[in-house]
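[1] Starting from these lines, generate the structure:
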Amino acid sequence: MQFNRDKFKALVHLVCRECRDPSKLGKTKLHKILWLSDVENYKIRATPLSGERYIKQRFGPCADHLDSVLNELVKEGRLHIESPEEEYESFKFYAKGEPDISLFSDKEMNTIKNQIINIYGSHTATSISDRSHDEIWEMAIMYEEIPYHAYLVKRLAKPTEEDFAWAKAEIEKL
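    Okay, the predicted model is just below:
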């Protein structure tokens with residue numbers, strides 16, 4: 001799926017609107033809700049919600065277009081962002097108006113709401129960041145795009161003796 005900017009913008013607006021306490025969201029949790037909404041939808045329905053690119057960053061997968069979409073929402077008057085005063089503080093997102101949920105099916109809305117409940121309600125920024133440092137994140141090179149299909153591989157199998165024999169035979173051919 002190609003990146004759907006309108007749908008991604010609606011997703012960001014929706015998440016900020018649904019997370020009623022801005023002090024409990026922040027950018028880290030926002031990135032993770034977006035990532036897991038997209039990849040869970042991909043896992044279940046073979047297509048991501050928005051087609052957004054997610055990049056390996058220090059604190060886990062991050063949405064490539066998030067900053068530009070946040071700026072658009074601010075310019076449109078649909079979002080107010082309070083920047084942190086101290087390094088350890090979080091951004092606070094105050095959504096205005098109703099997000100355009102017509103872009104999402106009922107099943108997609110269910111996926112999004114499940115991720116909001118799971119991450120916003122059950123995690124700190126640190127705990128969800130740590131959780132996102134899984135096998136998929138570990139395999140990626142810093143600042144590399146993490147493809148959706150990589151999410152389908154949650155655990156890597158340990159190589160067998162047959163795997164090593166095959167690899168050695170392939171190497172010898174070279």
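[2] and the residue nearest the centre of the chain, helix, strand or coil?
    Using Cα atoms, centre = their mean, the residue of the chain that lies closest to the mean C-alpha position is Trp35, 1.4 Å off. Assigned state for Trp35: helix (three-state reduction, DSSP: H, G, I helix; E, B strand; the rest coil).
[3] who's in contact with it?
    With contact taken as Cβ atoms under 8 Å, 6 or more residues apart in numbering, Trp35 is in contact with Tyr54, Gly60, Pro61, Cys62, Ala63, Ser132. All C-beta atoms are positioned from the backbone trio N, CA, C, and that covers glycine.
[4] what's the closest of those residues to Glu18?
    Of all the contacts of Trp35, Ala63 has the smallest distance to Glu18: 16.7 Å, by Cβ to Cβ.
[5] do you know how far the closest one is from Ala167?
    Distance of Ala63 to Ala167, computed by Cβ to Cβ, to the nearest Å: 36 Å.
[6] The two - which one has more neighbours?
    More crowded of Ala63 and Ala167, by other Cβ atoms under 10 Å: Ala63, with 26 against 11.
[7] Wait, the more buried one touches Leu49, no?
    No. Under the criterion of Cβ atoms under 8 Å, Ala63 makes no contact with Leu49, lying 11.4 Å away.
[8] hmm, who's touching stretch 137-156?
    Contacts with stretch 137-156, where a contact means Cβ under 8 Å, 6+ apart, come from 38-39, 42-43, 48, 53-58, 60-61, 64, 134-136.
[9] sorry, that was for stretch 105-122
    11, 14-15, 18-19, 24-25, 29, 32-33, 36-37, 40-41, 44-45, 49, 101, 104, 128.
[10] Quick check: Arg3 touching Tyr54?
    I think there's a mix-up here, since residue 3 is Phe and not Arg. No. With contact defined as Cβ under 8 Å, Phe3 does not count as touching Tyr54 (11.1 Å).
[11] Have a look at those two and say which one is more surrounded.
    Neighbour count, other Cβ under 10 Å: between Phe3 and Tyr54, Tyr54 has more, with 26 against 13.
[12] so what's that one scoring on pLDDT?
    According to the prediction, Tyr54 has pLDDT 95.
[13] Name whatever forms a beta bridge with the residue lying closest to it once chain neighbours are set aside.
    Distances taken as Cβ to Cβ, 6 or more residues apart in numbering place Pro61 nearest to Tyr54, at 4.2 Å, with adjacent residues excluded. Beta-bridge pairing of Pro61 under DSSP bridges involves Lys56.
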